[in-house]
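In: Sequence first, then the predicted structure:
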Amino acid sequence: MVTIEEALKIITGQQVARKTEFRNLSECLGFSLSEDIIALFDMPSFDNSAMDGYALCGLSKEYIIVGEVAAGDESRHTLNEGEAVRIFTGAKIPENTTAVMMQEKTRVTGSKLFLDQEPKKGQSIRKKGEELKKDQIVFEKGYTITPAGIGMLGSLGIDKIEVFKKPLINLITTGNELVMPGKQKKEGQIYESNSFALAAACEKYGFHSKEKKQIEDDFKAIKAGIKESLENADVLVLSGGISVGDYDFVKQALEENGVEEQFYKVFQKPGKPLYFGRKGEKFIFALPGNPASSLSCFYIYVLPLLYKLSGSLKTGLDQYTFAASLEFENRSDRPSFLKARIDNNEVEILDGQGSSMIQSMALGNALAFLDAETSVKKGDEVKCYLIS
Ligand code: AMP
Ligand code: MG
């Protein structure tokens, strides 16, 4: 049995070999850069207008309009003192421009331009290189590409980006009692829901589970299923059959497949019978079968490994501290991840903390962490892991 900290250290301390690939700009959301991105030119690459208005030469309240530049024009104008050109947002500033005046603060009579007030030198001009200078680092290796990141890369003219490949994930659920949703279930049976929740959790954090198998509590079948699923996966996530019951065959089946245990059992609630192993470059998690335990273990333990394998700088769920909105007593003798809901900057630890209870998790948006046998009073600070 290891502590939560030890388990996380074992996961994040794994040596991993990452592969890279080139992806199109439109297909790299959520991937992490395998190299720094350097600006190939100044941004903006030319002085341009921040407004629809007039580019002015000299500081005055009266000008003669001598031409026009629209966005995209090459703008070969060179202005003399007292001259102005009509200009539009993003258009290249003519030579000798002192300032740009927005059109709302001007009047035009024939070719004469009158301003309500004198301009200030440099006003409404976006200067060459004011956002980025050529050769500057724009994003460092490990940056995980966001929608704005895609916008930035596109505005640098980059259409193919070298990123770390994401791990391929396979899922296996075990249990004689499990029936697929949509089918008839008999007395004593329950619906298999973990694979759906785990696949969805992968998707939510930008990962994709490829294949899933549902296997009966049969040692040979589990052993064969693990062998097959390991062949084409970087990460295999199992649920169920990892506890101490007579029908819990997963641990032995992993051992007989040459998987090396990294840890088994974590001093925590829920999710005590959590297993983590590796075989060469492949990683294996066996999560407890109870729906809330398996998902909680995914969030706390599987996600950090997925981030690490995908080259992300992220190490897990976002963590914040919130004041408790109600009092709560953690009677467990183990540190606990509790289903909770953050609202209006306060956290409420919810009813329905049973390991099998998933509704409270679905209605919540966080896992609140409390040490063993501790109670919180209203207003006490509680560490929370955001899950939505
Ligand atoms: P186990 O870890 O196999 O002992 O299972 C613990 C509990 O979780 C039992 O009540 C199982 O019926 C339930 N369970 C196991 N696997 C699943 C699953 N895939 N979907 C829903 N419940 C499950
Ligand atoms: Mg079972």
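Out: In hand now; what should we look at? Residues are numbered from 1 along each chain as shown. Ligands and ions are numbered 1, 2, ... in the order given.
In: Tell me the secondary structure at the residue of the chain found nearest ligand 1.
Out: Residue of the chain nearest ligand 1, by Cβ to the nearest ligand atom: Gly289 (2.5 Å). No exception for glycine: its C-beta is placed from N, CA and C like everyone else's. Reduced to three states with DSSP: H, G, I helix; E, B strand; the rest coil, the structure at Gly289 is coil.
In: Can you mark which positions in stretch 200-208 are buried?
Out: Using 16 or more other Cβ atoms under 10 Å as the burial criterion, the residues of stretch 200-208 that qualify are Ala201, Cys202, Tyr205, Gly206, Phe207.
In: My read is that the first one contacts Ser296, right?
Out: Translated: Ala201. No. With contact defined as Cβ atoms under 8 Å, Ala201 does not count as touching Ser296 (10.3 Å).
In: related to what we said a few turns ago, show me the two of the buried residues of stretch 200-208 that sit farthest apart.
Out: Ala201 and Gly206 (10.9 Å; Cβ to Cβ).
In: which stretches of the stretch 1-150 of the chain have low pLDDT?
Out: Applying pLDDT under 70 to the stretch 1-150 of the chain flags no residue at all.
In: which residues in it form helices?
Out: Taking DSSP state H, counting those that start in this stretch as the criterion, the stretch 1-150 of the chain contains helices spanning 4-12, 147-155.
In: Out of those helices, flag the one nearest ligand 2.
Out: Closest approach to ligand 2 among the helices of the stretch 1-150 of the chain (Cβ to the ion): helix 4-12, 21.8 Å.
In: Who are the packing partners of the closest one?
Out: strand 260-264, strand 275-279, helix 303-309 (3 or more Cβ pairs under 8 Å, 6 or more residues apart in numbering; DSSP states H and E).
In: give me that answer again for 6 Å
Out: The criterion is 3 or more Cβ pairs under 6 Å, 6 or more residues apart in numbering; DSSP states H and E, and the helices and strands that helix 4-12 contacts are strand 260-264, helix 303-309.
In: Glu62: which of those is closest?
Out: For Glu62, the closest of the helices and strands packed on helix 4-12 is helix 303-309, at 61.3 Å, according to Cβ to Cβ.
In: now that closest one: how far from the chain's centre is it?
Out: The chain centre lies 11 Å from the centre of helix 303-309; the measure is Cα atoms, centre = their mean, to the nearest Å.
In: residues making contact with that helix?
Out: Outside helix 303-309, the residues that touch it by Cβ atoms under 6 Å, 6 or more residues apart in numbering are Ile11, Thr12, Val16, Pro167, Tyr205, Phe207, Phe283, Lys314, Thr315, Gly316.
In: Go again with 7 Å.
Out: Applying Cβ atoms under 7 Å, 6 or more residues apart in numbering, the external contacts of helix 303-309 come out as 8, 11-12, 16, 18, 167, 205, 207, 234-235, 283, 314-317.
In: Check those residues one by one and keep those near ligand 1.
Out: Among these, not one lies near ligand 1 by Cβ under 6 Å from any ligand atom.
In: Kindly write the PyMOL command that selects the buried subset of those residues.
Out: For the buried members of the contacts of helix 303-309, the matching PyMOL selection, counting by 16+ other Cβ under 10 Å, is:
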select buried, resi 8+11+167+205+207+234+235+283+314+316+317
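In: Specify the beta-bridge partners of the closest residue to Tyr143 other than its chain neighbours.
Out: Leaving out its chain neighbours, the residue that sits closest to Tyr143 by Cβ to Cβ, 6 or more residues apart in numbering is Leu33, at 5.0 Å. Counting by DSSP bridges, Leu33 is bridged to Val163.
In: 17 is where my numbering starts, stick with that
Out: Yes, from this point I'll number from 17; that puts the last item at Leu49.
In: if I pick Leu49, what's in contact with it?
Out: Per Cβ under 7 Å, 6+ apart, neighbours of Leu49: Phe155, Lys157, Gly158, Tyr159, Val179.
In: again with Val18
Out: Phe279, Val282.
In: can you tell me how far it sits from His93?
Out: 71 Å (Cβ to Cβ, to the nearest Å).
In: what do you get for Ala33?
Out: From Ala33 across to His93, the span is 57 Å (Cβ to Cβ).
In: Out of those two, name the residue with the larger neighbour count.
Out: Remark: of Ala33 and His93, His93 carries more neighbours, 21 against 7, as counted by other Cβ atoms under 10 Å.
In: Can you pull the domain assignment for this structure?
Out: 20-33+182-325, 36-59+146-180, 64-142, 335-402 (automatic domain parsing).
In: Of those domains, flag the one that's most buried.
Out: domain 20-33+182-325 (a mean of 19; mean count of other Cβ atoms under 10 Å).
In: Spatially nearest residue to Val260 (excluding sequence neighbours)?
Out: Leaving aside its sequence neighbours, Val260 sits nearest to Pro289 (Cβ to Cβ, 6+ apart; 7.2 Å).
In: can you pull up the bridge partners for Lys355?
Out: In this structure, Lys355 bridges to Leu383 when assessed by DSSP bridges.
In: mind saving the C-alpha coords of stretch 384-399 as PDB?
Out: C-alpha atoms of stretch 384-399 as PDB (Å, rounded to 0.1, in the frame of the first residue of the first chain):
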ATOM      1  CA  ALA A 384     -12.800  18.000  -2.500                       C
ATOM      2  CA  PHE A 385      -9.800  16.600  -0.700                       C
ATOM      3  CA  LEU A 386     -10.000  15.900   3.000                       C
ATOM      4  CA  ASP A 387      -7.500  14.200   5.300                       C
ATOM      5  CA  ALA A 388      -8.600  11.100   7.300                       C
ATOM      6  CA  GLU A 389     -10.900  11.800  10.200                       C
ATOM      7  CA  THR A 390     -11.000  15.600   9.800                       C
ATOM      8  CA  SER A 391     -14.000  17.800   9.900                       C
ATOM      9  CA  VAL A 392     -14.500  21.200   8.200                       C
ATOM     10  CA  LYS A 393     -16.500  24.000   9.500                       C
ATOM     11  CA  LYS A 394     -18.400  26.500   7.300                       C
ATOM     12  CA  GLY A 395     -15.800  28.900   5.900                       C
ATOM     13  CA  ASP A 396     -12.800  26.500   6.300                       C
ATOM     14  CA  GLU A 397     -10.500  26.300   3.200                       C
ATOM     15  CA  VAL A 398     -10.900  23.100   1.300                       C
ATOM     16  CA  LYS A 399      -8.500  21.900  -1.500                       C
END
